[in-house]
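1. Below is the sequence, then the predicted model.
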Amino acid sequence: MTTRSNQPPQPNGDRRQMPPSQPPAPVASVSSNGYHQPHPPYYPRTPSRPSSSASLKGCCCCLFLLLSFLALLALAVVLVIILAVKPKKPQFDLQSVGVQYMNIAADNPTGTTASITLTIRLLFNADNPNKVGIRYGESRFTIMYRGIPLGKASVPGFFQQAHSTKQVVATISVDRMSLLQADAADLIRDASLNDRVDLRILGDVGAKIRVMNFDSPGVQVSVDCAIVISPRKQSLTYKQCGFDGLSV
């Protein structure tokens, strides 16, 4: 009598792969008209991660707001200081012109060319009417005859205390400056017959108001002086100056 085992037969070395898992079958539902409508299968969703571009935009926006706030704060501080100090334009005036030496000579017998040698001393008066100090930059002056530049002078920068007056000296030297044709003839005629030589002095003076170790925007004072010199007396006979200050 043969005994049968209830165990299923073992495969002889044959490993069979399990079929791939199938998505869950759709569940049918009954609609109002009696037809079965299957539901779509449900798949779990993975949570989305914030993109790096969004975080970068957020950082840029915060930085922009911070810089804007600092700029507005600095502007407010400057306005408060300006309203408290009430800065005024510095006064820079030409007080006197001293002729130290002047010589005009014809270079040839015909008088078609002439040379001028001149040394003059300019004395300026700088007046600071403000409650704070003023820092002046280097100033340059040019002396001209009938639109022809003859020589230049420069004054180094300096600091001026509040409510003070300071004298500034500049010396312009012209060493045998040659003039040709009509300009030479006019110069010889003015010096020998009229005893007067008309000259013009031009220059720019830059200044900044100093408040709490900070310099304000610059103020530029333009100097324009017309002077008349007597070659015989070696002295100044006429002076008229104009000054124009403007913010830059």
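-> Everything's here; your move.

2. Please count neighbours and contacts with C-alpha atoms only from this point.
-> OK.

3. the strands in the chain, which residues?
-> 28-30, 36-38, 91-106, 113-128, 133-136, 139-145, 148-155, 158-160, 164-180, 197-211, 214-215, 219-230, 235-247 (DSSP state E).

4. Include distance to Ala76 and mean neighbour count when you put those strands into CSV, please.
-> CSV is the format used below for those (distance: least, C-alpha to C-alpha, whole Å; neighbours: other C-alpha atoms under 10 Å):
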stretch, distance to Ala76, mean neighbour count
strand 28-30, 71, 11
strand 36-38, 70, 12
strand 91-106, 28, 17
strand 113-128, 26, 19
strand 133-136, 22, 20
strand 139-145, 32, 18
strand 148-155, 36, 17
strand 158-160, 27, 15
strand 164-180, 29, 16
strand 197-211, 15, 20
strand 214-215, 15, 12
strand 219-230, 21, 19
strand 235-247, 20, 14
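
5. Out of those strands, which gets nearest to Leu63?
-> Leu63 lies closest, by C-alpha to C-alpha, to one member of the strands of the chain: strand 214-215, at 26.3 Å.

6. picking up where we left off before, please identify which of the strands of the chain is closest to Leu67.
-> strand 214-215 (20.7 Å).

7. pLDDT averaged over that closest one - what is it?
-> Strand 214-215 shows a mean pLDDT of 67.

8. picking up where we left off before, format the strands of the chain as TSV; extra columns: distance to Phe69.
-> Output for these, formatted as TSV (distance: least, C-alpha to C-alpha, whole Å):
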stretch	distance to Phe69
strand 28-30	62
strand 36-38	60
strand 91-106	37
strand 113-128	35
strand 133-136	30
strand 139-145	38
strand 148-155	42
strand 158-160	34
strand 164-180	38
strand 197-211	23
strand 214-215	21
strand 219-230	28
strand 235-247	27
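
9. Minimum distance to Ala74: which of these has it?
-> strand 214-215 (12.4 Å).

10. so who does Tyr108 touch?
-> For residue 108 the amino acid is Asn, not Tyr. Ala114 (C-alpha atoms under 8 Å, 6 or more residues apart in numbering).

11. can you offset everything so residue one is 8?
-> Let's use 8 as the start, then, which means that last one is Asn115.

12. What separation is there between it and Ala192?
-> Applying C-alpha to C-alpha, to the nearest Å, the value for Asn115 to Ala192 is 12 Å.

13. Between the two, which contacts overlap?
-> Going by C-alpha under 8 Å, 6+ apart, residues that sit against Asn115 and also against Ala192 are Ala121.

14. helices and strands of the protein: which one bottoms out on pLDDT?
-> One helix or strand of the chain scores below all others by mean pLDDT, DSSP states H and E: strand 35-37, with a mean of 51.

15. Ok, which of the strands of the chain comes nearest Ser75?
-> strand 221-222 (21.4 Å).

16. So, low pLDDT: which residues of this structure?
-> Within the chain, the segments meeting pLDDT under 70 span 8-61, 63, 84-94, 117-118, 218-224, 250-255.
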